[in-house]
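[1] build me a structure from this.
(one chain, ligands or ions: 1)
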Amino acid sequence: MNDVLHDLFERNRRWAAATEAREPGFFTRLAQQQNPRYMWIGCADSRVPANEITGLDPGEVFVHRNVANVVVHSDLNALSTIQFAVEHLKVEHIMVVGHYGCAGVRAAMRGIRVGLADNWLRHVHDVRLRHRRRLDHLPPDQQEDILCEMNVIEQVGNVALSTVVQDAWARGQPLAVHGWVYGLKDGLLKNLDVTMHRPDSVVPVFSAALKRYPRRAVASGEGEGEGDADIAFGAGPLGH
Ligand SMILES: [Zn+2]
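    Numbering: from 1, shown residues only. Reported below is the predicted structural model:
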């Protein structure tokens with residue numbers, strides 16, 4: 001065990017030396033202050049590291065990660081991180097980044113019990129239930145990929161509706177919230193085109209995004225009375 005950890009310190013020394021050789025004064029400069037333009041809200045999955053994926057150095061992206069990249073209005077950890085990023089660091093872009101093959105999303109999709117995290121993943125499960133008419137008619141693999149995307153879209157809405165972001169927009173601070181998905185199989189980021197950059201962009205962006213996921217055809221007599229109920233439900237709290 002100690003050998004393994006020793007190796008990490010060894011790697012750290014090599015990385016620090018190489019970084020300093022490539023850019024003399026790198027650490028001294030960063031120690032003075034950080035000035036990132038971006039905040040990344042992503043999954044805790046070890047295969048989705050923000051800096052490496054975007055080719056950014058330390059100091060260039062402010063990161064918050066949790067299981068299945070969920071932003072909940074009562075999560076003081078996420079909200080405090082967003083507040084610090086927006087009000088103190090003045091980041092200009094917040095990206096919520098999901099990833100295909102997310103074990104948290106899979107557990108929520110399949111109803112798999114994993115332990116304490118079931119309670120956290122209930123938020124993803126709620127997304128699934130809200131949009132089940134857009135999901136249930138798809139093949140299982142596709143359902144999980146689409147739920148990964150829908151979860152990102154919902155979390156982008158949650159970030160946009162947070163008091164921190166709403167207050168920033170009210171002050172006229174330039175700030176955009178984006179939704180991306182990362183592919184474990186090809187290492188590429190996909191832009192879900194759900195960027196929200198002002199209060200009146202939230203509902204139209206949210207609604208347009210969900211309409212890209214067709215609902216299953218309804219058999220005659222079954223009734224389609226819900227209309228776009230999941231959009232209305234999702235957009236309801238947004239329309240203030
Ligand atoms: Zn994940």
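[2] how about the one residue sitting closest to the centre of the chain, secondary structure?
    Nearest to the mean C-alpha position of the chain, by Cα atoms, centre = their mean, lies V96 at 2.5 Å. The three-state assignment at V96 reads strand, by DSSP: H, G, I helix; E, B strand; the rest coil.
[3] report the contact partners of it.
    I41, G42, N69, V71, V152, Q155, V156, V159, V177, H178, G179, W180 (Cβ atoms under 8 Å, 6 or more residues apart in numbering). (Each C-beta comes from the backbone N, C-alpha and C, glycine too.)
[4] show me what it is bridged to.
    Note on V96: beta-bridge partners by DSSP bridges are I41, G179.
[5] pLDDT score assigned to it?
    As predicted, V96 sits at a pLDDT of 98.
[6] and if you look at the one 10 residues further on?
    At R106 the predicted local confidence, pLDDT, stands at 96.
[7] sorry, back to before: just the contacts of V96 now: which is nearest the ion?
    Distances from the ion to the contacts of V96, taken as Cβ to the ion, are shortest for N69 (7.0 Å).
[8] mind listing what the closest residue to the closest one other than its chain neighbours touches?
    On the basis of Cβ to Cβ, 6 or more residues apart in numbering, the spatially nearest residue to N69 that is not a chain neighbour turns out to be C43, at 4.7 Å. Under the criterion of Cβ under 8 Å, 6+ apart, the contact partners of C43 comprise R65, N66, V67, A68, N69, V97, G98, H99, C102, G104.
[9] repeat that with 7 Å
    By Cβ atoms under 7 Å, 6 or more residues apart in numbering, C43 lies in contact with R65, V67, A68, N69, G98, H99, C102, G104.
[10] need the helices for this structure, in chain order.
    Listed in chain order, the helices of the chain (DSSP state H) span 2-22, 26-32, 50-54, 76-83, 103-110, 117-130, 132-135, 140-161, 163-170, 202-210, 229-235.
[11] ok, A168 touching L175?
    Yes: with contact defined as Cβ atoms under 7 Å, A168 and L175 form a contacting pair (5.0 Å).
[12] give me the pLDDT for F233.
    Here the pLDDT value assigned to F233 is 43.
[13] nope, W40 is what I meant
    W40 carries a pLDDT score of 98 in this model.
[14] what's the spacing between it and the ion?
    For W40, the distance to the ion under the criterion Cβ to the ion, to the nearest Å works out to 14 Å.
[15] tell me the pLDDT at the spatially closest residue to that residue that is not a sequence neighbour?
    Beyond its immediate neighbours in the sequence, the residue positioned closest to W40 (Cβ to Cβ, 6+ apart) is A50, lying 4.1 Å away. Among the per-residue scores, A50 holds a pLDDT of 97.
[16] what about Q166, how many neighbours?
    A count of neighbours around Q166, defined by other Cβ atoms under 10 Å, yields 14.
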